[in-house]
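Chemist: No sequence on hand, only this structure:
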């Protein structure tokens, strides 16, 4: 598994835990990351994603809800929502990561951690975000 894939998976797990417990302090993030395997580079990438999602969460959530037709955030599976938040952060705020890489990674992680329908749902919402959000080109 590549460094960035591992980082994305660590970020998913950490953000999911924060969503479920309500604890998002820097100390809680570091405690979480210290308990999982992964290179220092993977943990650094996870920190970047976690921090970015937390910092820009309101903007990210507005865009997700706007682009997920007939879906409220509260009705979405928490795993799918967390994957969408990470990918949306990458699409909007990480110009060093190609759009197609962010989208493909989110879909693959959705297949691994989500339900049978997660990959299709994530793909559809991210396609809309790419169009509506004015993000970088493929």
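Modeler: Cool, the structure landed. Quick caveat: nothing in here was measured; it's all calculated off a predicted structure. Numbers count the residues shown, from 1 in each chain.
Chemist: use CA for all of it now, contacts and neighbours both
Modeler: Fine.
Chemist: so which strand or helix has the spatially most central residue of the chain?
Modeler: Against the mean C-alpha coordinate of the chain, by Cα atoms, centre = their mean, the closest residue is residue 86 at 1.8 Å. Applying DSSP states H and E as the criterion places residue 86 in helix 78-93.
Chemist: So which elements touch the helix or strand bottoming out on mean pLDDT in the chain?
Modeler: For the chain, using mean pLDDT, DSSP states H and E, the weakest element among its helices and strands is helix 26-34, scoring a mean of 84. Counting contacts by 3 or more Cα pairs under 8 Å, 6 or more residues apart in numbering; DSSP states H and E, the secondary-structure elements packed against helix 26-34 are helix 3-21.
Chemist: Next, the angle helix 26-34 makes with the helix it packs on.
Modeler: Between helix 3-21 and helix 26-34, the angle formed by their directions is 130 degrees, by axes from the mean of the first three to the mean of the last three Cα atoms, to 10 degrees.
Chemist: Please list the outside residues in contact with helix 3-21.
Modeler: With contact meaning Cα atoms under 8 Å, 6 or more residues apart in numbering, helix 3-21 is reached by 24, 29, 32-33, 36, 38-39, 41-47, 49-50, 78-79, 82-83, 86, 105, 109.
Chemist: Now with 6 Å, please.
Modeler: The list of residues contacting helix 3-21 from outside it, by Cα atoms under 6 Å, 6 or more residues apart in numbering, reads 24, 42-43, 45-46, 50.
Chemist: who does the following helix or strand past the least confident helix or strand of the chain touch, helix- and strand-wise?
Modeler: Toward the C-terminus, helix 26-34 is succeeded by helix 40-55 as the next helix or strand (DSSP H and E). In terms of contacts (3 or more Cα pairs under 6 Å, 6 or more residues apart in numbering; DSSP states H and E), helix 40-55 is packed against helix 3-21.
Chemist: now do 7 Å
Modeler: For helix 40-55, the elements it packs on are helix 3-21, helix 78-93, judged by 3 or more Cα pairs under 7 Å, 6 or more residues apart in numbering; DSSP states H and E.
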